[in-house]
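Q: Dropping the sequence and predicted coords here.
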Amino acid sequence: MSAANLEEKYIPRLLKRYREEIVPKMKEVFGYTNDLAVPRLEKISINMGVGAAMNDQKIIERAAEELSMISGQKAKICKAKKPISNFKLREGVAIGCCVLLRRYRMYDFLDRMISVAMPRIRDFRGFSVKSFDNQGNYNFGLVDQMIFPEINVDKASRTQGMNITIVTTAKTDEEAKQLLTLMGFPFKK
């Protein structure tokens, strides 16, 4: 079998579930007449702000390496655009890293996060439903990157939080919440 045939056959588990189970349920609940009208995931953005990197650039390199392991895609190191004297920040200094996931990587990351990483969060009771932005997108933060199994706890020198944005094609927050709930995303009751 050639490499092209293997790529065509691989479909992420969450994407397959979306096509087979979630689309019919969303059509039934919201009365969509066309499969393409059903909201879907567009992209997932993961950002890490590393303020301690102003003094030591090795910290930002390690954070970018860990973010790359978590997401399955190389992280981009972000630099300060403006100098801010109150924070002792100079222009061009690396202060964070980010990743923008689309297509299969997006579905793989969300599936791993829902099924493997979220159950590892201590005292977890679900995410708030108030974090939608009135346009069908959801934002939330994680305090510790150690919940992901890709990170070796012994090698990690410090805990690092991250902000994750899930962008959907939903027009309302209600549609986006229903989509994420059907995908298995845990919300507070």
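A: Received, thanks. Numbers count the residues shown, from 1 in each chain.
Q: so where do the strands sit in this structure?
A: Counting by DSSP state E, the chain has strands at residues 41-49, 76-79, 94-101, 138-142, 162-168.
Q: closest to Val116 out of the ones you listed?
A: Closest to Val116 of the strands of the chain, according to Cβ to Cβ: strand 138-142, at 13.3 Å. For every residue, glycine as well, the C-beta is placed using N, CA and C.
Q: tell me which residues in the closest one are buried?
A: Across strand 138-142, burial judged by 16 or more other Cβ atoms under 10 Å covers 138, 142.
Q: Can you give the contact residues for that strand?
A: 121, 127-128, 131-133, 161-166, 168, 176, 180 (Cβ atoms under 8 Å, 6 or more residues apart in numbering).
Q: Just give me the lowest mean pLDDT stretch among the strands of the chain.
A: Sorting those by mean pLDDT places strand 76-79 lowest, at a mean of 80.
Q: Let me see the ranges of the helices in this protein.
A: Read by DSSP state H, the chain holds these helices, from start to end of the chain: 3-9, 13-17, 23-30, 57-71, 103-112, 173-183.
Q: Dump the ones you listed to CSV, plus distance to Glu91 and mean pLDDT.
A: As requested, these are exported to CSV (distance: least, Cβ to Cβ, whole Å; pLDDT from 0 to 100):
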stretch, distance to Glu91, mean pLDDT
helix 3-9, 42, 60
helix 13-17, 41, 85
helix 23-30, 46, 87
helix 57-71, 15, 81
helix 103-112, 32, 87
helix 173-183, 37, 86
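Q: Select only the buried ones of the contacts of strand 138-142 in ChimeraX?
A: Selection command for ChimeraX covering only the buried members of these, criterion 16+ other Cβ under 10 Å:
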select :127,132,162,164,165,166,168,176,180
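Q: Going by distance to Val38, which of the contacts of strand 138-142 wins?
A: Thr168 (10.5 Å).
Q: Hmm, that closest one is touching Leu41, no?
A: Yes - between Thr168 and Leu41 a contact is recorded at 5.8 Å, counting by Cβ atoms under 8 Å.
Q: joint contacts of those two?
A: In contact with both Thr168 and Leu41: Leu179, using Cβ under 8 Å, 6+ apart.
Q: can you count the residues close to Gln145?
A: Using other Cβ atoms under 10 Å, Gln145 is surrounded by 21 other residues.
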